[in-house]
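K.L.:
could you look at this predicted model? Sequence included:
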Amino acid sequence: MTIKFTGEIWYWRGPAPHHFVTVPPEESAEIKAVERAVTYGWGMIPAVVRIGETEWETSLWPKNEEYIVPIKLKIRKVLSLEEGDRVSIRLEI
């Protein structure tokens, strides 16, 4: 399954701070429909993420009936991305 969308990078200041992009509701519903077949537990969904020419493996996290894509520090540095930037993302589930 391939999903493409654009979203804003936001920062979570929890006990383990991290940057994310939220998958929009319609695309989250598509992922939710196949969750049982692809999750490795706790609703985590393995995915290959692509922004521009940069691609990496990660897991989508469930949050508030949607999914969030973690954007690693290494990726943000390579692409010069910061909180508030809008990015086009391609997910391979």
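P.N.:
Received the coordinates, thanks.
K.L.:
nearest residue to the middle of this structure?
P.N.:
Centroid check for the chain by Cα atoms, centre = their mean gives V69 as the closest residue, at 1.5 Å.
K.L.:
so which strand or helix has it?
P.N.:
Here V69, judged by DSSP states H and E, is contained in strand 66-70.
K.L.:
by contact count, what packs against that strand?
P.N.:
Counting contacts by 3 or more Cβ pairs under 8 Å, 6 or more residues apart in numbering; DSSP states H and E, strand 66-70 packs against strand 18-22, helix 25-38, strand 45-51, strand 54-63. For every residue, glycine as well, the C-beta is placed using N, CA and C.
K.L.:
at 10 Å instead, please
P.N.:
strand 2-12, strand 18-22, helix 25-38, strand 45-51, strand 54-63, strand 86-92 (3 or more Cβ pairs under 10 Å, 6 or more residues apart in numbering; DSSP states H and E).
K.L.:
okay, it in PDB with CA atoms only?
P.N.:
Presented in PDB, the C-alpha positions along strand 66-70 are these (Å, rounded to 0.1, in the frame of the first residue of the first chain):
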ATOM      1  CA  GLU A  66      -4.900   8.700  13.300                       C
ATOM      2  CA  TYR A  67      -1.300   7.800  12.800                       C
ATOM      3  CA  ILE A  68       1.800   9.900  13.200                       C
ATOM      4  CA  VAL A  69       5.100   9.600  11.300                       C
ATOM      5  CA  PRO A  70       8.200  10.100  13.400                       C
END
